[in-house]
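Asker: Pasting the sequence and the predicted model now:
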Amino acid sequence: MKKLYFFLLLAIGLKSYGQVIADPSVEQVSFTSIAGVVIDDTLPLGYIAQLNVPIRNLSLVNGIPAGSCKIKIGLGSKLILDPELDLALVNSSQYFQWTAEFNSGQVQLTGDLKSDLPAGYSDTAKFNVQGSVLDYSTITTNFLITNHNSVTILSDGNPTNNSSFRLYKIIPPVTTPVKFTSLTAVKKDCNIIVSFSTENEINVNHFEIETSKDGSHFTKAGLVNGGNQNKYTFVVPITKDIVSALLYVRVKSADNDGSYLYSTTTRLNAECSSRINLGIYPNPLINAGFVTVKAAGGLLNGHYKVSLFDVTGRFISMKEVVLNNEQAFSYKVGGLAAGHYLIKIENKTTAETQIFKLQKL
């Protein structure tokens, strides 16, 4: 009687939780450049490479239940993650929640299965990594069945393909073709003039100007194509996103093969009123049918709306322009009768407005 009761409980338990057989698998990891060019297992110190981790569900019938598995990737003692890598954007993130921690002398990546992995699933998770210490080490990868947070119990159809490892070596850094020889960033009105010089521009595709308010998290503010000019200048408008009492500026050199290098970082006071005083010329207006809107200080950047009214407030005409580092622009007022008028200039980017009186003789 007791045995019957036990088997009834077991049957109820299996029916309640269910069981599925699938085949989680990881294949041999590999290295490529950021551009996807295959490289061997010898990486220069400081070089940013892409670690490719093939993830599979070899079962063509059953999916893998969410919460039943996790992937563990140990980078070994000589590799770290690229500080700019966002784990939330790693492909396969729709199925795995990726986290990283330093554990037992190495960076440990964990991918918790948060959504059911479909039958026949095949993808490659890609992580930007960087050599941090010279010598050999090993990357280990394990696709672990834990059933730690799953109503459906997973059984592995083939437990022999759940792990892989790869030996690699970090060697002294290779001489970088491009060399930054100078970098300056100077505020002029509401713009930052970034100037930099280089030597040995070989294989350089472009340069990216980056800014940061905290010195750690940089964003791209502009791009300059490489051309062996050796001296470059770029104007960065001080927008509401970068205005700061202390702004950090650096330049990133991007090569044709996907590799890149950073300049030193410089800093400056980037506080600035977004308002630029404007002028209307000619005023009074005699015969011309155009007026020029000119910046009295700084350069014009953003979306501008210019409207013309008579002194009673009656609307006459309107023009909208989008400007990028312009000193002035023209506005057609047409054949106005003699008298007084109002010109309203709205900066739709900063929500600032200036109004001018215009006289027609």
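Answerer: That came through, no problem. Residues are numbered from 1 along each chain as shown.

Asker: is residue 56 in a bridge, and if so with what?
Answerer: Here residue 56 sits in beta bridges with residue 25, residue 122, going by DSSP bridges.

Asker: quick one: it and residue 22 touch, right?
Answerer: No - in this structure, residue 56 is not within contact of residue 22 by CB atoms under 8 Å, at 10.4 Å. For every residue, glycine as well, the C-beta is placed using N, CA and C.

Asker: Any stretches of the stretch 51-200 of the chain with poor pLDDT?
Answerer: 174-177 (pLDDT under 70).

Asker: quick one on the thing from earlier: of residue 56 and residue 22, who's got more company?
Answerer: residue 22 (26 against 18; other CB atoms under 10 Å).

Asker: Hmm, the more buried one is touching residue 60, no?
Answerer: No - with contact defined as CB under 8 Å, residue 22 does not reach residue 60; the gap is 9.8 Å.

Asker: shared neighbours of these two, anything?
Answerer: residue 119 (CB atoms under 8 Å, 6 or more residues apart in numbering).

Asker: Tell me the pLDDT of the residue most central in space within the chain.
Answerer: What sits nearest the mean C-alpha location of the chain, by CA atoms, centre = their mean, is residue 219, with 7.0 Å. Residue 219 is assigned 92 on the pLDDT scale.

Asker: Can you name the residues bridging to it?
Answerer: Here residue 219, judged by DSSP bridges, has bridge partners residue 211.

Asker: thought it was touching residue 211?
Answerer: Yes - using CB under 8 Å, residue 219 makes contact with residue 211 at a distance of 6.4 Å.

Asker: Who are the packing partners of the one helix or strand residue 320 maps to?
Answerer: For residue 320, the enclosing helix or strand under DSSP states H and E is strand 315-326. When contacts are defined as 3 or more CB pairs under 8 Å, 6 or more residues apart in numbering; DSSP states H and E, strand 315-326 sits against strand 300-310, strand 328-332.

Asker: ranking those by burial, who's on top?
Answerer: The highest mean neighbour count among the helices and strands packed on strand 315-326, using mean count of other CB atoms under 10 Å, belongs to strand 300-310: a mean of 18.

Asker: Just checking: what are the partner strands of that strand?
Answerer: When DSSP bridges is applied, strand 300-310 pairs with strand 315-326 (antiparallel), strand 339-347 (antiparallel).

Asker: My read is that residue 21 contacts residue 155, right?
Answerer: Yes - using CB under 8 Å, residue 21 is in contact with residue 155, at 4.8 Å.

Asker: if you go through the stretch 1-150 of the chain in chain order, where are the strands?
Answerer: Counting by DSSP state E, counting those that start in this stretch, the stretch 1-150 of the chain has strands at residues 19-22, 24-26, 30-32, 38-39, 42-44, 48-57, 69-74, 79-81, 96-103, 106-113, 122-131, 135-145.

Asker: Spit out the contact partners of the residue nearest to the centre of the chain.
Answerer: Counting by CB under 8 Å, 6+ apart, residue 219 has contacts 210, 211, 212, 241.

Asker: 10 Å instead, please
Answerer: By CB atoms under 10 Å, 6 or more residues apart in numbering, residue 219 lies in contact with 208, 210, 211, 212, 213, 241, 242.

Asker: quick revisit: a markdown table for the strands of the stretch 1-150 of the chain, including distance to residue 197?
Answerer: Shown next, in a markdown table, are the strands of the stretch 1-150 of the chain (distance: least, CB to CB, whole Å):
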| stretch | distance to residue 197 |
| --- | --- |
| strand 19-22 | 58 |
| strand 24-26 | 47 |
| strand 30-32 | 32 |
| strand 38-39 | 30 |
| strand 42-44 | 25 |
| strand 48-57 | 24 |
| strand 69-74 | 41 |
| strand 79-81 | 31 |
| strand 96-103 | 37 |
| strand 106-113 | 36 |
| strand 122-131 | 26 |
| strand 135-145 | 36 |
